[in-house]
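How does the following fold in three dimensions:
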Amino acid sequence: MFHNYFFLKRLAPELEKELKGLALLECFSQNKDELILGFGDGEKEFHIRANLDPNVSLLSFPDDFARAGKNSVDLFSDLLDKKVTGVNVFQFERSFQIQFDDDSLIFKMHGRRANIVHARNNEIVSLFRKNLRPDFEIIPSELNKQIVVSQENFSQHGYDPLQLIPALGKEVKIHLEETDFYKIPDQEKWAQFELLLKELDSNTIYLHEGPFLSLIKTSNEKTKSAIAAANWLYNKTVRSFYFDKEKTDAINKLKQKIKKSESYISKTRSKLDQVEKSRSPEEVANILMANLNSLQTGLIKAVLHDFYNDEPIEIKLNRELSPQKNAENLYRKAKNRHQEIDALKENIEAKEKLIDKVSRQILHLQDLDDTKELRKYLKDHRLTQKEKSKEEHLPYHEFEVDGWQILLGKHAKANDELTLKVANKNDLWLHAKDVAGSHVVVRQKPGQNFPTHIIEKAAALAAANSKRKTDTLCPVIYTQKKFVRKMKGAPAGQVIVEKEEVVMVEPKTLG
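Numbering: from 1, shown residues only. Next up is the predicted model:
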């Protein structure tokens, strides 16, 4: 009922009693869709807080209001120091105005399209919510609805109160339906309608948990003051709305973390199963070593006896390497395979622990019903929402592959920052050979060599973010970051590599 004409009709004279003769001393905003107005005369002060968030859209009248030291902006400065000459509601409209001689501030309480506009000489000169551009077309003198409330006019509108006075609103519509108003004979409806209008014009406002206000008699708590009712509704609504929103956002964020972790576990288990079931490179290397005498350099493949399964096996070889060197490569792959399996298992266990931790956090949040406790818990557990994600300020995109952290430069300047400021000297540095592209860094793990499959994945990422991203195969150089330096005056992203190795990979992004 707060945005109803009949409530504003009560509020306007109360505000006039408080404001008439006071000057507008300050008018500022320090939160989106919230306007603070401070009035005074040296002895008396009065404040209006208009929260025009489309989901809230309420007014309150705090005893005092401390302005923040930063992030606030002054508004409607043309009205500062002007004295209030009156406050009036527009007839059968959900709007009222505070008058300053030829100027006025119109409070248009239209729910999601609520706004405060500055009018001068019957013309709108500025808006609080500037995105509501059509409000510039408002003509203040035409806001009053010319409705004749008479029995004759009532009958001409089909004996329907809402057809005669649309400003009655939803609450009255519900009341009329619940009291079977539309079922009584037409000749009796006018008398009932007159009683309803008198009730809406009475001095009692009922306070309902929900929360909402009502001008229709109930057994709920009540007040005669529209200002007190507005403050009660504001405090109840804002606390409920923002507390619920903050709590729900935090819980949804945690649920999303669980969902991502479950997806990661599913994919990682599938990969682990695939790796464990695949033929061990060590067994293939053993078969090669058992047949060294019958092999020579230059072969691209060899068909040998698989003594593990007692059947022939075709083994692909690097023609540039001796059979023994081919076997050594397979033994290295086997070692990396063991490391990969261990890393996959560790990652699954870590995600399972994370899911358990986050699930307990969700249960705790669901039990909280106090704003201070909620915010303390969110802060203590680093669950607070940031104005912007840290990711937006980092010079790189971050990926994790089997427990290895891979960083991808976002652009040329970011490449310099990633390589020269973020990367450590023993991190692995990669870049597509001889073409422009992003720098890629793989974080070192103390005491561990970079696994071949991690180098290949990081190289594929570097290739996919280079001028050779459409090539079938792309050469990618890799080295420790300590062998990468930048010449003074060189363009952004351009570096010199003093020692490098090359790997051929298919350009691929990391999912």
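
Lys486 touches Val497, doesn't it?
No. In this structure Lys486 lies outside contact range of Val497 using CB atoms under 8 Å: 10.7 Å. The way it works is simple: take the backbone N, C-alpha and C, and place the C-beta from them, glycine included.

Show the low-confidence segments of the stretch 101-250 of the chain, by residue range.
Nowhere does the stretch 101-250 of the chain drop to pLDDT under 70.

Now with 80, please.
Applying pLDDT under 80 to the stretch 101-250 of the chain flags residues 203, 210, 219, 238-242.

Which residue ranges of it form strands?
Counting by DSSP state E, counting those that start in this stretch, the stretch 101-250 of the chain has strands at residues 103-108, 115-120, 123-127, 205-208, 212-214, 221-223.

Quick one: list the elements packing against the helix or strand Ser263 falls within.
Using DSSP states H and E, Ser263 sits within helix 226-277. Applying 3 or more CB pairs under 8 Å, 6 or more residues apart in numbering; DSSP states H and E, we find helix 226-277 packed against helix 5-19, strand 45-51, strand 58-60, strand 205-208, strand 212-214, helix 323-367, helix 371-380.

Could you dump these into JSON lines and include mean neighbour count and distance to Asn293?
As requested, the helices and strands packed on helix 226-277 are exported to JSON lines (neighbours: other CB atoms under 10 Å; distance: least, CB to CB, whole Å):
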{"stretch": "helix 5-19", "mean neighbour count": "20", "distance to Asn293": "100"}
{"stretch": "strand 45-51", "mean neighbour count": "19", "distance to Asn293": "87"}
{"stretch": "strand 58-60", "mean neighbour count": "22", "distance to Asn293": "90"}
{"stretch": "strand 205-208", "mean neighbour count": "19", "distance to Asn293": "94"}
{"stretch": "strand 212-214", "mean neighbour count": "19", "distance to Asn293": "92"}
{"stretch": "helix 323-367", "mean neighbour count": "16", "distance to Asn293": "9"}
{"stretch": "helix 371-380", "mean neighbour count": "14", "distance to Asn293": "68"}
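
Redo those as TSV? Include distance to Ile165.
As requested, the helices and strands packed on helix 226-277 are exported to TSV (distance: least, CB to CB, whole Å):
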stretch	distance to Ile165
helix 5-19	8
strand 45-51	26
strand 58-60	23
strand 205-208	19
strand 212-214	17
helix 323-367	44
helix 371-380	39
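
rewinding a little: any idea which helix or strand comes after the helix holding Ser263?
Sequence-wise, the next helix or strand downstream of helix 226-277 (DSSP H and E) is helix 281-290.

CA-only coordinates of that following helix in CSV, if you can.
Extracted in CSV, the C-alpha atoms of helix 281-290 (Å, rounded to 0.1, in the frame of the first residue of the first chain):
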residue,chain,number,x,y,z
PRO,A,281,55.1,-47.1,-21.7
GLU,A,282,57.4,-49.0,-19.3
GLU,A,283,56.2,-52.4,-20.7
VAL,A,284,56.7,-51.2,-24.3
ALA,A,285,60.2,-50.0,-23.3
ASN,A,286,61.0,-53.4,-21.8
ILE,A,287,60.0,-55.1,-25.0
LEU,A,288,62.2,-52.8,-27.0
MET,A,289,65.2,-53.4,-24.6
ALA,A,290,64.7,-57.1,-25.0
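
tell me which residues in that helix are buried?
Of all the residues in helix 281-290, those buried under the rule 16 or more other CB atoms under 10 Å are Pro281, Glu282, Glu283, Val284, Ala285, Asn286, Ile287, Leu288.

Look up the closest residue to the fifth one, ignoring the ones flanking it.
With sequence-adjacent residues excluded and distances taken as CB to CB, 6 or more residues apart in numbering, Ala285 is closest to Leu330, at 3.6 Å.

That neighbour is in contact with Met289, isn't it?
No. Assessed by CB under 8 Å, Leu330 is found out of contact with Met289, at 9.4 Å.

just to revisit the earlier point, for the helices and strands packed on helix 226-277, which one sits closest to Asp434?
Among those, the nearest to Asp434 by CB to CB is helix 323-367 (26.1 Å).

Let me know the angle separating that closest one from helix 281-290.
Here helix 323-367 points in a direction 170 degrees away from that of helix 281-290 (axes from the mean of the first three to the mean of the last three CA atoms, to 10 degrees).
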